[in-house]
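Asker: Coordinates only, no sequence provided:
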Ligand code: NCD
């Protein structure tokens, strides 16, 4: 056995969950196991660009009911780099148009031999629902504004790689906190690992209630900027809100866009992050998005490693297609 295989099996030995539905329900230790496993896969790929056979014979299905560029492609690539087969389902052109339900569609994909279903849907809780109905693993790739656990993990991994540790870092999530699943997964993960988290944006998009969870709430980016080690700039989720949350995009950009002038007033080693897609000129100016502080493309690369880690840890255990698998068990997920 190679050293990499030994290490990945060691990390998987203590793993008990069947699903990855959110970061709220994970322990700090589980998050660290996911990050450590991802770091191993990232280092392996940098060194050899080689495929692994760890999930050979297994099948991973992407079941996406919302648009995606980064998440969908990186889940596919992650499965392939582990040697798994993939099924690509898109709601457009499927039997959903003929009246098939979401759960029946997922059960159909499972019956084709899927060991893991990766799902994205506009309704919060859909991945939790699937986990109750399927015997295979379910990975949440975004459920409405609720959570996007692999995005949270890849953001946290990127910060850890850059700074060495999460504990003690001051991380501001800037923008549409109310509708951002990325924000929620970052908040849970970062808090568990000991970061100081600030949520910052227009009052219509940032609730004071976050303070009850020990999160700092701020409405002025300029006021918090000198204290921040990391800024994660979130897109305004116009598709998730009926009312405009501020008078104009130009006004938002004036108050919250990260630009060269704000970089000059930041810590010299500030990290600029964004989950993507970015709207240049709204939450970030092009010179900052492409500048020396930006780790946006490192986040994208880390997305593959994190998704490899999640697939490996969830699928390294029991085979869900084995005759003894019991769909009613729910996989130990909170
Ligand atoms: C995010 C998403 O879809 O939640 N994008 C992503 O997965 N990289 C953020 C967004 O759409 O703004």
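Answerer: Happy to help now that I have it. As the structure is a computational prediction, the values presented were derived from the model and not from experiment.
Asker: near the ligand, which residues of the stretch 151-300 of the chain?
Answerer: 151, 181, 182, 235, 275, 276 (CB under 6 Å from any ligand atom). For the C-beta atoms, the positions are set from N, CA and C on the backbone; glycine is no exception.
Asker: Narrow those residues to those in helices?
Answerer: Of those, the ones assigned to helices by DSSP state H are 151, 181, 182.
Asker: Please list all residues in contact with the nearest residue to the first one once chain neighbours are set aside.
Answerer: Using CB to CB, 6 or more residues apart in numbering and skipping residues adjacent in sequence, the residue nearest residue 151 is residue 182, 4.9 Å away. Applying CB atoms under 8 Å, 6 or more residues apart in numbering, one finds that residue 182 lies in contact with 148, 151, 152, 155, 173, 232, 234, 275.
Asker: For residue 96, see how far away residue 118 is.
Answerer: 17 Å (CB to CB, to the nearest Å).
Asker: any chance you could map the helices in the stretch 201-334 of the chain?
Answerer: Secondary structure of the stretch 201-334 of the chain, counting by DSSP state H, counting those that start in this stretch: helices at 221-224, 249-256, 260-264, 286-289, 296-315.
Asker: Show me what the first one is packed against.
Answerer: What it means is helix 221-224. Helices and strands touching helix 221-224, by 3 or more CB pairs under 8 Å, 6 or more residues apart in numbering; DSSP states H and E, are strand 170-174, strand 196-200.
Asker: Would you mind checking the average pLDDT for it?
Answerer: Mean pLDDT, computed over helix 221-224, is 98.
Asker: just how off-centre is it within its chain?
Answerer: 26 Å (CA atoms, centre = their mean, to the nearest Å).
Asker: Which residues in that helix does the neighbour count mark as buried?
Answerer: Across helix 221-224, burial judged by 16 or more other CB atoms under 10 Å covers 221, 224.
Asker: how close does the residue of the stretch 201-334 of the chain found nearest the ligand get to residue 275?
Answerer: Relative to the ligand, the nearest point of the stretch 201-334 of the chain is residue 235 (3.5 Å; CB to the nearest ligand atom). Residue 235 sits 8 Å away from residue 275, going by CB to CB.
Asker: Neighbour count: those two, which is higher?
Answerer: Per other CB atoms under 10 Å, whichever of residue 235 and residue 275 has more neighbours is residue 275, with 26 against 20.
Asker: Could I get the phi/psi values of that one?
Answerer: phi -70, psi -20 (degrees, to the nearest 10).
Asker: I'd like to know how many residues surround residue 113.
Answerer: 15.
Asker: That one and the ligand, how far apart?
Answerer: 27 Å (CB to the nearest ligand atom, to the nearest Å).
Asker: helix or strand for that residue, which one?
Answerer: For residue 113, there is no helix or strand it lies in under DSSP states H and E.
Asker: per-residue confidence for it?
Answerer: Looking at residue 113, its pLDDT stands at 95.
Asker: which residues does the residue nearest to it when sequence neighbours are not counted bridge with?
Answerer: With sequence-adjacent residues excluded and distances taken as CB to CB, 6+ apart, residue 113 is closest to residue 59, at 5.0 Å. On the basis of DSSP bridges, residue 59 is bridged to residue 85.
Asker: Pull the contacting residues for the residue of the stretch 201-334 of the chain closest to the ligand.
Answerer: Applying CB under 8 Å, 6+ apart, we find residue 235 in contact with 175, 176, 180, 274, 275, 277, 278, 279, 282, 283.
Asker: which among the residues you listed gets closest to residue 289?
Answerer: residue 278 (5.8 Å; CB to CB).
Asker: hmm, back to that, highest average neighbour count across the helices of the stretch 201-334 of the chain?
Answerer: Sort those by mean neighbour count, taking mean count of other CB atoms under 10 Å, and helix 296-315 sits at the top with a mean of 24.
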